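Trainee: Predicted model, plus sequence, below.
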Amino acid sequence: MSLNSKLQRHDSSNSWTDLKIFVKDVHDRYGRKRAISVKSWSTVKDVKDILQQHLHVPPSAQRLYFGPLMTSGGELPNYRSLQDAGIYTSGKTLLLEIKGAANAEVSSISSL
């Protein structure tokens, strides 16, 4: 077996660990969703850290919601993994609310 085929097999066996999820800002009037790549074992805090790099908004000002918690009004706690929250596959959408974004000038998710 050549080195190239070994590398390809190795890459394909680890592809299940990478998730492409979408983040939608609840205050974005155009309803845009932006893709980010995370590991399947990432925590909500890890996702907030990635968003901080793009939006320059501290994690403490970010609120993320997904699934049944969206309708119940509960945000995802930082310590939960994405798998704990029910995110097992790519393509899922998290809702992002930036604390104080309704009245303050904050970086838009469209800049991702």
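Mentor: Arrived safely. Residues are numbered from 1 along each chain as shown.

Trainee: Do a quick rundown of the helices in the chain.
Mentor: Using DSSP state H, the helices found in the chain span residues 3-14, 44-55, 68-72.

Trainee: Could you list every helix and strand in contact with the second one?
Mentor: Pointing back at helix 44-55 there. strand 18-25, strand 33-39, strand 62-65, strand 93-98 (3 or more C-beta pairs under 8 Å, 6 or more residues apart in numbering; DSSP states H and E). Placement of C-beta: from N, CA and C, glycine included.

Trainee: Low-confidence stretches in this protein?
Mentor: 1-16, 68-73, 101-112 (pLDDT under 70).

Trainee: hang on, isn't Arg80 packed against Ser42?
Mentor: No - counting by C-beta atoms under 8 Å, Arg80 stays clear of Ser42, with 10.2 Å between them.

Trainee: These two: which has the busier surroundings?
Mentor: Ranked by neighbour count (other C-beta atoms under 10 Å), Arg80 and Ser42 place Ser42 first, with 20 against 17.

Trainee: How about the more buried one, nearest residue that isn't a chain neighbour?
Mentor: Leu82 (5.5 Å; C-beta to C-beta, 6 or more residues apart in numbering).

Trainee: what does Lys39 give?
Mentor: With C-beta to C-beta, 6+ apart, the residue lying closest to Lys39 is Thr17, at 5.4 Å.

Trainee: and the one you found, what is it in contact with?
Mentor: 39-41 (C-beta atoms under 8 Å, 6 or more residues apart in numbering).

Trainee: residue contacts, the residue nearest to Ser42?
Mentor: 19, 21, 38, 40-44, 47.

Trainee: With distance to Glu97 added, can I get the residues you listed in JSON lines?
Mentor: Compiled in JSON lines, the contacts of Leu82 are given as follows (distance: C-beta to C-beta, whole Å):
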{"residue": "Leu19", "distance to Glu97": "21"}
{"residue": "Ile21", "distance to Glu97": "16"}
{"residue": "Val38", "distance to Glu97": "19"}
{"residue": "Ser40", "distance to Glu97": "24"}
{"residue": "Trp41", "distance to Glu97": "24"}
{"residue": "Ser42", "distance to Glu97": "19"}
{"residue": "Thr43", "distance to Glu97": "18"}
{"residue": "Val44", "distance to Glu97": "13"}
{"residue": "Val47", "distance to Glu97": "14"}
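
Trainee: Many thanks, I have nothing further to ask.
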